[in-house]
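A.B. asks: pasting a predicted model and its sequence here:
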Amino acid sequence: MQEIVLHPLEKYLRSDRLPHTWCPGCGIGTVAQAFIRAVDELKLDPSQIAIVSGIGCTGRIPLYLKFDGAHVLHGRAIPVALGVKLAKPNLKVVVFGGDGDILSIGGNHLIHAARRNADLVVIMVNNFIYGLTGGQVAPTTPKEAYTYTSPYNPDSKPFNAVQLVAASGATYVARWSTAYPVLLKESIKKALTRRGFSFIEVISQCPEIFGRLNGFKTPYDLLKKIKDVGIIRKNISPFDTKYDWNNEITLGEFVNKDEPTYLDYLNQIIEKARGQGDKK
Amino acid sequence: MTENILFTHGNQAVVEGALVAGCRFYAGYPITPSSEIAEEMSKRLPKLGGIYVQGEDELASINMIIGASMAGMKAMTATSGPGYSLMQEGIGLAVATETPIVIVNVMRVGPSTGIASKPWQGDIMQARFGSHSDYEIISLYPWSVQEAFDLTIEAFNLAEKYMTPIILLSDGILARMREKLYIRSPNEVEIIERRKPNVAPEVYKPYARDENLVPTIASFGDGYAIIRDSLTHDERGYYLEKPETQAHYVWVLNEKIKRNAEKIQKWDEKFTDDAEVVFIAAGPMARIVLAMVKEARSEGLKWGFFRPITIWPFPEKQLNNAVRNANNVIVVEMSYGKLIYPVRWTLRNNIRIGHIPWLSYVAPSPDEIRKLAEKEVMD
């Protein structure tokens, strides 16, 4: 009998629940792989990492990865993750979510987590559409794109998430795409080893729905478009980044600064409160 | 000794009870008449090394306490009508993932914004059925400042014991009324801590159950690599789309509370042995009703009194027993009609069920209720 040799990253997978539900050619697997490669290369203790997600295709990531994980309500991954982090500050807590989950229904939590400089890593997979529900318009859908709920075009322009999150006070903001998995992995490694709020947007392909509805015949065609439209720029302000499907979606690292984090503030509060003694 | 005795209000009693029970995480959003709970927590928790967060909204608040509980902390929130409505999806998540948390709903008038600080008893059914689909819930409703303290401890104990969210009902009367509160020390009361798994991670199943159908769920960071899923899941916590998985899942979430109902239920009854008419009321309203019943007794009327303390599971057997000699029960409540429903579905058909819905947010005097009661009894 032939000996079965497991993939070196198999230890990070819940292999007993494969196959996964993602469509062939989907970009989410690339993001999940970049994450576990980052964990592996940093030699982090997997038992001290918790991953939290909401609802959507990207929200399924914790189901397949062997970490403590929560697959919670649509839009609410960030507050659940913050609760976990504050209760056990030694854990590295990572949120995975789609653009609908993080930017639309969960948008309020995103800006407040950024404002607080909450000690979380948020990885937002942006595929321009609601995939799991079958192809509806998202707050990231390009103005020219077709979806089942924007048959005459989206009614409004999309969010540039990089600008939103940077303006809200995030101390690490980057945008990559599935066309650059190594750069993405390096960015995740930075986020995993720093304190404060880290936001990484990943432009990703949804070939089965977004691709088919918008004239991309194969996953390759869509990934090629994502590669071509993604322009890496160094040393530019997040407010100069572009989110334009026809010309440029700016990629790169736009914010990386050290500021007191939410945990720092809470510890200061605890010190101050204790200094005042036990009076009620 | 005297430092353990306060003259204070129901909102503070909830805080004192929570701290004795071991709550060290609070997240909430300001709303009247619950805000004193948040204010007191923001002052007290940091002194104990605990965490207070003012969430950006009620959705954030309930989901933060769920996250904190998944990481092993005792956590709570407090709110009132509008905020409680916003929290319903989160309550369903806590039910489904079997995450112990305590939610305090200080009931106020509605519907919608209503009048911010005025008391009401209109959320009794929402406490039971507020989140979508099928589940059983435990809900407690104290009637005094002391009982608010005691039942808050009980709420945390029940949450950990049955791995479920607990709804602690209060109202605008209890929140603001002041009376003596004796703060029991942690040594005087039973404090239940969460069970930890005692098997190796390779064979551990987070949703395997004991004889009471309660799972032993590891906390994040304990080395068990568990998944807490809002999707229908099996013993491993794994999502499965199978009819038998769904059937067992919904059965066990309901049965876990139903099977243990008699251990959970609390009630209070007075003068029921020979009572011909039994008055039923809950929360501070029941004190007014009891005062009225006592006066009627002194005049020789065979009136009795019954108060559900666990509104859910409703003390059905106990109520049936309390009215065994009665031919008339009368439900008194500060609502157009909520408490009346569990009474109607509990009692046998041959008893007359009367109803006094008090529709003013100004609490009635015993005499005012007495006048309505005499009409209701004679009719």
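C.D. replies: Yep, it's here. Here the structure is a predicted model, which is why all the values come from computation and not from measurement.
A.B. asks: excluding its backbone neighbours, what's nearest the closest residue to chain B within the stretch 101-250 of chain A?
C.D. replies: Nearest residue of the stretch 101-250 of chain A to chain B (C-beta to the nearest C-beta) works out as residue A:112 at 4.1 Å. Quick note: C-beta positions are derived from backbone N, CA and C, even for glycine. Nearest residue to residue A:112, sequence neighbours excluded (C-beta to C-beta, 6 or more residues apart in numbering or on different chains): residue B:56, at 4.1 Å.
A.B. asks: contact partners for residue A:87?
C.D. replies: Neighbouring residues of residue A:87 by C-beta atoms under 8 Å, 6 or more residues apart in numbering or on different chains: B:25, B:51, B:67, B:68, B:69, B:70, B:71, B:72, B:73, B:75.
A.B. asks: just give me the closest of those residues to chain A.
C.D. replies: For the contacts of residue A:87, the nearest to chain A is residue B:67 (2.5 Å; C-beta to the nearest C-beta).
A.B. asks: pretty sure the closest one sits against residue A:70.
C.D. replies: Yes. Using C-beta atoms under 8 Å, residue B:67 is in contact with residue A:70, at 7.3 Å.
A.B. asks: shared neighbours, these two?
C.D. replies: A:52, A:80, A:81, A:84.
A.B. asks: the first one: how many residues sit nearby?
C.D. replies: This points to residue A:52. Applying other C-beta atoms under 10 Å in any protein chain shown, we find 34 residues neighbouring residue A:52.
A.B. asks: the third one too?
C.D. replies: Applying other C-beta under 10 Å, we find 34 other residues in the vicinity of residue A:81.
A.B. asks: can you check the second one too?
C.D. replies: Neighbouring residues of residue A:80 were enumerated by other C-beta under 10 Å; the total is 36.
A.B. asks: what ranges do the strands span in chain A?
C.D. replies: Along chain A, the segments classed as strands by DSSP state E run A:49-53, A:68-71, A:92-98, A:121-126, A:129-130, A:136-137, A:172-177, A:198-203, A:230-232, A:243-244, A:248-256.
A.B. asks: er, the stretch 201-350 of chain B actually
C.D. replies: Counting by DSSP state E, counting those that start in this stretch, the segments of the stretch 201-350 of chain B that form strands are B:227-229, B:267-270, B:277-280, B:303-308, B:310-312, B:328-333.
A.B. asks: about what we covered before: now the residue nearest to residue A:112, what's its secondary structure?
C.D. replies: coil (DSSP: H, G, I helix; E, B strand; the rest coil).
A.B. asks: now the strands of chain A in a markdown table, with mean pLDDT and distance to chain B?
C.D. replies: Below are the strands of chain A laid out as a markdown table (pLDDT from 0 to 100; distance: least, C-beta to the nearest C-beta, whole Å):
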| stretch | mean pLDDT | distance to chain B |
| --- | --- | --- |
| strand A:49-53 | 98 | 5 |
| strand A:68-71 | 98 | 4 |
| strand A:92-98 | 98 | 9 |
| strand A:121-126 | 98 | 14 |
| strand A:129-130 | 97 | 18 |
| strand A:136-137 | 97 | 20 |
| strand A:172-177 | 98 | 20 |
| strand A:198-203 | 98 | 17 |
| strand A:230-232 | 98 | 32 |
| strand A:243-244 | 98 | 25 |
| strand A:248-256 | 98 | 21 |
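A.B. asks: look up how far residue B:218 lies from residue B:200.
C.D. replies: In this view, residue B:200 and residue B:218 are 12 Å apart by C-beta to C-beta, to the nearest Å.
A.B. asks: quick one: residue A:211 from residue A:126, how far?
C.D. replies: 14 Å.
A.B. asks: near chain B, which residues of the stretch 101-250 of chain A?
C.D. replies: Neighbours of chain B within the stretch 101-250 of chain A, by C-beta under 8 Å from any C-beta of the partner chain: A:108, A:109, A:112.
A.B. asks: most neighbours out of these, which is it?
C.D. replies: Ranking these using other C-beta under 10 Å puts residue A:109 first, with 29 neighbours.
A.B. asks: could you list every residue that touches that residue?
C.D. replies: A:75, A:76, A:78, A:79, B:56, B:59, B:60.
A.B. asks: what's the burial count for the third one?
C.D. replies: Neighbours of residue A:78 under the rule other C-beta under 10 Å: 34.
A.B. asks: same deal with the first one?
C.D. replies: The local packing of residue A:75 (other C-beta under 10 Å) involves 25 other residues.
A.B. asks: and residue B:245, which of the strands of chain A is closest to it?
C.D. replies: Among the strands of chain A, strand A:68-71 comes nearest to residue B:245, with 15.8 Å by C-beta to C-beta.
A.B. asks: give me the buried positions along that closest one.
C.D. replies: Across strand A:68-71, burial judged by 16 or more other C-beta atoms under 10 Å in any protein chain shown covers A:68, A:69, A:70, A:71.
A.B. asks: what about the contacts of residue A:87, which are in strands?
C.D. replies: Counted as lying in strands by DSSP E, out of the contacts of residue A:87, are B:25, B:51, B:75.
A.B. asks: burial count for residue B:231?
C.D. replies: With other C-beta under 10 Å as criterion, residue B:231 counts 18.
A.B. asks: excluding its backbone neighbours, what's nearest it?
C.D. replies: Excluding the flanking residues, the one nearest residue B:231 by C-beta to C-beta, 6+ apart is residue B:239, at 4.0 Å.
A.B. asks: can you confirm residue B:40 is in a helix?
C.D. replies: Yes. Assessed by three-state DSSP, residue B:40 belongs to a helix.
A.B. asks: please give the element, helix or strand, for the nearest residue to it once chain neighbours are set aside.
C.D. replies: Excluding its sequence neighbours, the residue lying closest to residue B:40 (C-beta to C-beta, 6+ apart) is residue B:15, at 4.3 Å. For residue B:15, the host element (DSSP states H and E) is helix B:10-21.
A.B. asks: quick one: residues contacting residue 71.
C.D. replies: I went with chain A, as the question did not name one. Residue A:71 sits in contact with A:53-55, A:59-60, A:62-63, B:227-231, B:239, where contact means C-beta under 8 Å, 6+ apart.
A.B. asks: let me rephrase: I mean chain B.
C.D. replies: Contacts of residue B:71 by C-beta under 8 Å, 6+ apart are A:50, A:83, A:84, A:87, A:88, A:91, B:219, B:220, B:221.
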